[in-house]
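Novice: Just to be clear, the model below is a prediction. Sequence and coordinates:
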Amino acid sequence: MTAIPMRRPVVPVWAWAAVGAALWLLAWLVNLPAANWVAFELLSLEPGSQLGESLAFFVYDVPKVLLLLTAAITVVTFLRSFVSPERVRHLLAGRRTVPGTVAAAGVGAVTPFCSCSSVPLFIGFVEAGVPLGVTFAFLVASPMVGPVAVILIWGLFGPLVTAAYVAAGLSVAVVAGLLIGRLNLERYVEDYVWKVRMAEIAAASLSIEDRLREAWSQTRSIVRRVLPFIVLGIGLGAAIHGFVPEELVVTVGGRDNPLAVPALVLLGVPLYLDAAGTLPIVEALVGKGLPLGSAIAFMMAVVALSLPELVILRRVMKPRLIAVFVTVVASGILLVGTLLNALFA
Amino acid sequence: MKKIEVLGPGCNNCVRLEANAREALTLAGVEAEIVKVTDYAEIMSYGIMSTPGLVIDGKVVSYGRIPSSGDIAVWLGE
């Protein structure tokens, strides 16, 4: 090995991680009082006034969502360095249908993948002999109940909503996988997919320091990219919070309107907002009385299905398979939303 | 001359990886040809499912992450 001058960090990475975690906690704790101080003391807006409440929501939510997102992506990237789809596919091959599908949904939840990897992921699963239904259970569960969605929902809505969301998401993934598996849709997979042969590859050996450093660099890059969407989403949320009357949300999106959940799912499917940009809007709507089931259905539709993702999947699936996939998942979300609305009445 | 292949369909991560690889060439003072592999079947023939992947002289050195230019420079020197 030739000697290459490298910048060696003087402070060990774990020390940075500890300092970062402490700063994170501090910021989390002072966020609410600081936001209230800015809105009501510094700008001397009236508490309870429309503008004051809107602004307080905005200055409170922007740091909050950023903090949550930073934590979420760091955790995800760190996690991803341990559980790779390359290894997971062999875990899921050669199992019987029901245990295989349940395992795929569970494993999917802790194996995050970037949406630009969904095509190689699909091909790799098929190549390892993972049945189609099991593969779909994974594809649905991973973005929907992945750590980013879960951590954000926990931070904004608390443990009860998170538990309901995760249970609902896993159920949708399992049922969609079982159903798609039963339909024998193999002929609607693009033909070349069956011919791809993969080499086996050894798992990358990385030190914890490498993994942490990688996680942090990834986090910075993603947060920078989604920042405009977050600010936009929170801006909309703030406007709703301050200016949209509660009666309007309850009348249009409430339980008494049977079309509310279907409309929210239909709206959510093509929407390609980052989860971080969508959730503040949902947060504001829930504050105005949008029922929990409707809110969860909307979040799921946004996170699980998106137009760009479907365009990417077209590379490996014929249109009919995509249509079945969207129909099955959207119906599942609809069912779950309606059920939760009835349960948490 | 060495050959570096950047495996990936062309998303943001692949672009960053390619930039790091170019920087690594300067760091290591090595001449190499950088090729982008965007065909899925070809990407997967290397055994990787998580993009972006980095291949130096036919050997997969990383996948599913974006190594720093310093890391790549070390691999180039090996």
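Specialist: Looks like it came in fine.
Novice: Where do the strands of chain A begin and end?
Specialist: Remark: strands of chain A are absent; assignment by DSSP state E.
Novice: who's in contact with B:Gly29?
Specialist: Counting by C-beta atoms under 8 Å, 6 or more residues apart in numbering or on different chains, B:Gly29 makes contact with nothing. Using the backbone N, CA and C atoms, a C-beta is placed for each residue, glycine as well.
Novice: Pull out the buried positions in whichever helix in chain B runs longest.
Specialist: Determined from DSSP state H, the single longest helix within chain B is helix B:12-28. For helix B:12-28, burial by neighbour count (16 or more other C-beta atoms under 10 Å in any protein chain shown) applies to B:13-14, B:17-18, B:20-21, B:24-25, B:27-28.
Novice: do stretch A:49-59 as well
Specialist: Within stretch A:49-59, the residues scored as buried using 16+ other C-beta under 10 Å are A:52-59.
Novice: now these in a markdown table, with distance to A:Val286 and pLDDT?
Specialist: Below are the buried residues of stretch A:49-59 laid out as a markdown table (distance: C-beta to C-beta, whole Å; pLDDT from 0 to 100):
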| residue | distance to A:Val286 | pLDDT |
| --- | --- | --- |
| A:Gly52 | 20 | 84 |
| A:Glu53 | 15 | 85 |
| A:Ser54 | 16 | 87 |
| A:Leu55 | 20 | 86 |
| A:Ala56 | 17 | 86 |
| A:Phe57 | 13 | 87 |
| A:Phe58 | 17 | 89 |
| A:Val59 | 20 | 87 |
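Novice: Contacts only, for the residue most central in space within chain B.
Specialist: By C-alpha atoms, centre = their mean, chain B has its centre lying nearest to B:Leu54, at 2.8 Å. B:Leu54 makes contact with B:4-7, B:17, B:21, B:60-63, B:67, B:72, according to C-beta under 8 Å, 6+ apart.
Novice: just A:Val324 next, same as before
Specialist: Taking C-beta under 8 Å, 6+ apart, one finds A:180, A:183, A:185, A:188 in contact with A:Val324.
Novice: Next, find the distance separating it from A:Val311.
Specialist: Relative to A:Val311, A:Val324 is positioned 17 Å away (C-beta to C-beta, to the nearest Å).
Novice: what about A:Val189, neighbour count?
Specialist: Here the number of neighbours of A:Val189 (other C-beta atoms under 10 Å in any protein chain shown) works out to 18.
Novice: Bridge partners for it, pull those for me.
Specialist: Beta bridges link A:Val189 to A:Met317 when assigned by DSSP bridges.
Novice: So for it, what's the pLDDT?
Specialist: We have a pLDDT of 92 for A:Val189.
Novice: Distance-wise, check it relative to A:Leu313.
Specialist: 11 Å.
Novice: Now do the same contact list for A:Leu340.
Specialist: By C-beta under 8 Å, 6+ apart, the contact set of A:Leu340 is A:164, A:168, A:292-293, A:296-297.
Novice: Let's see which of these end up in helices.
Specialist: Filtering the contacts of A:Leu340 for helices - DSSP H - leaves A:164, A:168, A:292-293, A:296-297.
Novice: Identify the farthest-apart pair in the residues you listed.
Specialist: Spanning the widest gap among these are A:Ala164 and A:Ala297, at 11.3 Å by C-beta to C-beta.
Novice: Between these two, point out the one with more neighbours.
Specialist: Using other C-beta under 10 Å as the criterion, A:Ala164 and A:Ala297 rank with A:Ala297 on top: 30 against 19.
Novice: Isn't that one up against A:Val336?
Specialist: Yes. Using C-beta atoms under 8 Å as the test, A:Ala297 is close enough to A:Val336 to be in contact (6.6 Å).
Novice: Which of the three states applies to B:Glu5?
Specialist: Recorded secondary structure, B:Glu5: strand (DSSP: H, G, I helix; E, B strand; the rest coil).
Novice: need the contact list for it.
Specialist: For B:Glu5, the contact set (C-beta under 8 Å, 6+ apart) comprises B:34-37, B:54-56.
Novice: Kindly recompute the last result at 10 Å.
Specialist: B:21, B:33-37, B:42-43, B:46, B:53-60 (C-beta atoms under 10 Å, 6 or more residues apart in numbering or on different chains).
Novice: For A:Val11, the count of nearby residues, please.
Specialist: The local packing of A:Val11 (other C-beta under 10 Å) involves 8 other residues.
Novice: what separates A:Glu46 from chain B, distance-wise?
Specialist: For A:Glu46, the distance to chain B equals 44 Å [C-beta to the nearest C-beta, to the nearest Å].
Novice: what do you get for A:Gly94?
Specialist: A:Gly94 sits 18 Å away from chain B, going by C-beta to the nearest C-beta.
Novice: Quick check: chain neighbours aside, which residue is closest to A:Thr338?
Specialist: Closest residue to A:Thr338 apart from its sequence neighbours, by C-beta to C-beta, 6 or more residues apart in numbering or on different chains: A:Val261 at 5.4 Å.
Novice: and which of the buried residues of stretch A:49-59 is nearest to A:Leu42?
Specialist: The nearest member of the buried residues of stretch A:49-59 to A:Leu42, counting by C-beta to C-beta, is A:Val59 at 9.6 Å.
Novice: what is the rounded mean pLDDT of stretch A:259-269?
Specialist: Mean per-residue pLDDT for stretch A:259-269: 83.
Novice: What residues sit buried inside that stretch?
Specialist: By neighbour count on 16+ other C-beta under 10 Å, the buried set for stretch A:259-269 is A:260-261, A:264-265, A:268-269.
Novice: Just confirm B:Lys36 is within a helix.
Specialist: No. Looking at B:Lys36 with three-state DSSP, it is strand, so not inside a helix.
Novice: can you pull up the bridge partners for it?
Specialist: B:Lys36 forms beta bridges with B:Val6, as assigned by DSSP bridges.
Novice: which ones are touching A:Gly48?
Specialist: The neighbourhood of A:Gly48, defined by C-beta under 10 Å, 6+ apart, consists of A:Phe40.
Novice: how near is it to chain B?
Specialist: According to C-beta to the nearest C-beta, A:Gly48 and chain B sit 43 Å apart.
Novice: What's the per-residue pLDDT of that residue here?
Specialist: We have a pLDDT of 78 for A:Gly48.
Novice: three-state assignment of B:Glu33?
Specialist: Put simply, B:Glu33 is strand when judged by three-state DSSP.
Novice: Give me the nearest residue to it, chain neighbours excluded.
Specialist: Distances taken as C-beta to C-beta, 6+ apart put B:Lys3 closest to B:Glu33, at 5.2 Å, once the chain neighbours are dropped.
Novice: Noted, bye for now.
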